[in-house]
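Peer 1: Quick one, structure for this:
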Amino acid sequence: MSDGQTTSDQDPRGLGANAERFSGFADLYDAVRPDPPDELAQMLADYAGGSIDRPIGTVVDLGSGTGLSSRWAEGWAPEVIGVEPNADMRRVATGRAGPGARFVEGWAHRSGLPPGCADVVLAVQAMHWMEPVSTLAEVARLLRPGGVFAAIDCDWPPSVGDARAERAWSDCRTVIRVHERRRAAGLAGSQLAAPVTADEVAAATATGGDPHRHAGQDQPWGVRSWPKDGHLARLRASGHFAWCTEVALGRLDEAGVDRFVDLLRSQGDYQTLRQLGLGDDQLGVTAFAAECARAFGGRPRRWVFSYRARIGVTAPA
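Peer 2: Next comes the predicted model:
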């Protein structure tokens, strides 16, 4: 299998396009994406019954990508197993793994790991790309009694304390969404690359923190996704968990304009359109970067990443 590609035998649920979407920019992704808050790590350990007498044992990280979330989990668990179908992402993850982490090829709905092997299962910035019914069944199979599952997401963009920069992000994301809608409609070449019209901007729906809210509409390249704001309801409806809840936390950071712009460039839809030959001028990124440069004024800014964790706890033995 070549980097980032899947076969139908390995991908019986037809999610190969989701995995391939993240090929070719793993190093950028790993450099700019954030880690979840440390306070959330302690909360998950508490839900799993961790203590000095009974430390957390194994964390399984589904859709582990470049290993960012796995390295985060290494800080509070002695063993972390990342499960990732994309070879390009696994390459980076394996090269940067600590001694307590290993990475295997697999899918969230078919990890290949033994039953009852995990104290905690994570899906960080990943659950919206996973078919929920089969994934939650696999999560329940992997967890020991009283184990914990957490679907963890952060909102885009991070809050940087400047309305111009955040609005520029939203405007650029709308332009990218218009081009995705065109591609889903079968347009290519000059029709795909043509300047975006006001009517197209008005019709675009993928603004705000959860573009997957409209996941059933205009999905190009065979990509499938599920709304993030439905994770908790799906956990509850699955019947696999004795208790489900949602928590919201913030992570403080400080960085300059380059990282803010590169965060947008680390999105899979932008990268896919670039691979089709569209440039930053056409995708609105040149204008976005210029407006952000004016907003940041050559100085780093304090950021807040807003995280939401949808948590399910299995019944104790």
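
Peer 1: Pro115: how many residues sit nearby?
Peer 2: 11 (other CB atoms under 10 Å). Bear in mind the C-beta positions are built from the backbone N, C-alpha and C, glycine included.

Peer 1: Identify the residue spatially nearest to it, adjacent ones excluded.
Peer 2: Arg141 (5.0 Å; CB to CB, 6 or more residues apart in numbering).

Peer 1: There's contact between that neighbour and Cys117 in this structure, I believe.
Peer 2: No: using CB atoms under 8 Å, Arg141 is not in contact with Cys117; the gap is 9.3 Å.

Peer 1: Per-residue pLDDT of the residue nearest to Pro115, please?
Peer 2: For Arg141, the model assigns a pLDDT of 98.

Peer 1: Tell me which other helices or strands the helix or strand harbouring it touches.
Peer 2: According to DSSP states H and E, Arg141 maps onto helix 132-142. Judged by 3 or more CB pairs under 8 Å, 6 or more residues apart in numbering; DSSP states H and E, helix 132-142 is in contact with strand 58-62, strand 118-124, helix 231-238.

Peer 1: those helices in the protein, which residues are they?
Peer 2: Counting by DSSP state H, the chain has helices at residues 16-20, 26-32, 38-47, 68-74, 87-95, 132-142, 163-184, 189-193, 198-203, 231-238, 257-265, 268-275, 285-296.

Peer 1: Grab the nearest non-local neighbour of the residue positioned nearest the centre of the chain.
Peer 2: When CA atoms, centre = their mean is applied to the chain, the residue found nearest the centroid is Gln125 (2.4 Å). Sequence neighbours aside, Asp153 is the residue nearest to Gln125 in space, at 5.8 Å (criterion: CB to CB, 6+ apart).

Peer 1: Correct me if wrong: that neighbour contacts Met127.
Peer 2: Yes: under the criterion of CB under 8 Å, Asp153 makes contact with Met127 at 7.3 Å.

Peer 1: If you tally nearby residues, what's the number for Gly222?
Peer 2: The burial count for Gly222: 12, using other CB under 10 Å.

Peer 1: which residues are contacting stretch 287-307?
Peer 2: 34, 36-37, 40, 152-155, 158-162, 164-165, 168-169, 171-172, 209, 248-257, 260-261, 264, 280 (CB atoms under 8 Å, 6 or more residues apart in numbering).

Peer 1: any weak-confidence spans in the stretch 201-317 of the chain?
Peer 2: Counting by pLDDT under 70, the stretch 201-317 of the chain contains low-confidence ranges at 205-221.

Peer 1: hmm, 50 instead?
Peer 2: Low-confidence segments of the stretch 201-317 of the chain, defined by pLDDT under 50: 207, 217.

Peer 1: Name the nearest residue to Gly49, ignoring sequence neighbours.
Peer 2: Gly146 (5.9 Å).

Peer 1: Repeat that for Arg144.
Peer 2: Gly116 (4.8 Å).

Peer 1: what's the spacing between the one you found and Ala198?
Peer 2: From Gly116 across to Ala198, the span is 56 Å (CB to CB, to the nearest Å).

Peer 1: Pick out whichever of those two has more residues nearby.
Peer 2: Each of Gly116 and Ala198 has its neighbours counted (other CB under 10 Å); Gly116 has more, 11 against 7.

Peer 1: In contact with that one, which residues?
Peer 2: If you count contacts by CB under 8 Å, 6+ apart, Gly116 has them with 141-144.

Peer 1: Relative to Gly222, which of the helices of the chain is closest?
Peer 2: Of all these, helix 16-20 sits nearest to Gly222, with 3.7 Å by CB to CB.

Peer 1: Distance from that closest one to the middle of the chain?
Peer 2: In this view, helix 16-20 has its centroid 13 Å away from the chain centroid, taken as CA atoms, centre = their mean, to the nearest Å.
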